[in-house]
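Chemist: Following is a predicted model, sequence given first.
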Amino acid sequence: MTYRLTQYAHGGGCACKIPPGELESIVAALSTPRAPVDAPTEQSGRDHSPTADLDAAPRLLVGLDTGDDAAVVDIGGPSALVMTTDFFAPVVDDAYDWGRIAAANALSDVYAMGGRPVIALNLLGWPRGVLPMELAAEVLRGGADITAQACCHLAGGHSVDDPEPKYGLAVTGLVDPAHLMRNDTGRAGFPLTLTKPLGVGVLNNRHKATAEVFPAAIASMTTLNRDAATAAIAAGVRCATDVTGFGLLGHLHKLARASGVTAIIDPAAVPYLDGVRDSAAAGYVSGGTHRNLDWVAPHVDISRDAELLADPQTSGGLLLVGEVPGHPVIGELVPRREHTVVVR
């Protein structure tokens, strides 16, 4: 029997993320509180509140404040610790390809920080009474092949019986603090570089509706961002993010907002996969695109149709502040204006 995995999920890939506006409202209260210096102590003279030992913990270099791609902790010495996790429902019907895509997508957050993944753990939700476990094994095989390609250990993980199939990784990596790329260090006068073409969201939506397979989209989603990150670091880039579920406009808005600048985008310079424009014109635009547009609308000056710029990407490319050989420049950063992003 042939199983179409995308038919067992209400959404797929990064397009099924919680809408960015809703997400920001629920994580806003998660900033770590600090105990007052003169807070009263208990019998031993020591503060036993939940935050009492935070001052003794390793210094957090990147946390929740700017909505960056991963958390980074200074552990002393030449390397800092990078931690992230990502998982989602099937974005393609083939189990092995889904595993590869999900793993590449999870590893991308480490590359977006300028780091290298060291060890990963599987995260698997599986409807064991509905789909055969042999398919789950194929998903895990795909993840294992991608982590091996990344020279990253894959050691165990966690699984649950879930009504909807889901897969991803929890990833730990290392980064040289001197080469750390983050989303709040963008400066006016620098170009914007994009390392993968857009449009996988549209093509994945068409795949789910029609079962048509788009090899170029699968190839893009299973390509690691490792080489792009290495080239960016060599070019001196220190501000970056990856383009995933919030689309190019959403992730660029977050970068510009965090950096206190405005991004100018030339839509004619943005690359797309073959077939994307025709598929969008045929109506294969995901609901995630409209949610992304609704979120960024108050912050973006759009002088033309920008629907594809909000297309949710799964395992998308890196958006880099700086010019990197071999990749297109799609715009630039300028001093802050009324809007965070301007589409020319």
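Modeler: Perfect, I can see it now.
Chemist: Regarding residue 262, what is its secondary structure?
Modeler: With DSSP: H, G, I helix; E, B strand; the rest coil as the basis, residue 262 sits in strand.
Chemist: For it, which non-adjacent residue is spatially closest?
Modeler: Leaving aside its chain neighbours, residue 262 sits nearest to residue 337 (4.4 Å; criterion: Cβ to Cβ, 6 or more residues apart in numbering). In this view, the C-beta of every residue, glycine as well, is placed from N, C-alpha and C.
Chemist: likewise residue 66?
Modeler: Nearest to residue 66 is residue 258, by Cβ to Cβ, 6+ apart, at 3.8 Å.
Chemist: all helices for the stretch 51-200 of the chain, in order.
Modeler: 95-112, 133-149, 200-210 (DSSP state H, counting those that start in this stretch).
Chemist: mind putting these in a markdown table, distance to residue 288 included?
Modeler: As requested, these are exported to a markdown table (distance: least, Cβ to Cβ, whole Å):
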| stretch | distance to residue 288 |
| --- | --- |
| helix 95-112 | 15 |
| helix 133-149 | 22 |
| helix 200-210 | 7 |
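Chemist: most tightly surrounded among those?
Modeler: helix 95-112 (a mean of 28; mean count of other Cβ atoms under 10 Å).
Chemist: Which neighbouring elements make contact with it?
Modeler: strand 80-88, strand 116-126, helix 133-149, strand 166-175, helix 215-221, helix 226-234, strand 240-242, strand 318-321 (3 or more Cβ pairs under 8 Å, 6 or more residues apart in numbering; DSSP states H and E).
Chemist: Ranking the ones you listed by mean neighbour count, which comes first?
Modeler: strand 240-242 (a mean of 28).
Chemist: Strand partners (parallel or antiparallel) of that strand?
Modeler: strand 318-321 (antiparallel) (DSSP bridges).
Chemist: Distance from the chain centre to the partner strand, please.
Modeler: Distance of strand 318-321 from its chain centroid, counting by Cα atoms, centre = their mean, to the nearest Å, is 12 Å.
Chemist: got the contact list for that strand?
Modeler: Contact with strand 318-321 is made by 108, 111-112, 181, 185-187, 190-196, 225, 228-229, 232, 237-243, 248, 251-252, 255, 259, 327, 333, as judged by Cβ atoms under 8 Å, 6 or more residues apart in numbering.
Chemist: Please work out the average pLDDT along it.
Modeler: The average of the pLDDT scores along strand 318-321 is 98.
Chemist: Begin at 48, not 1, for the rest of this chat.
Modeler: New numbering, starting at 48: the last item is strand 365-368.
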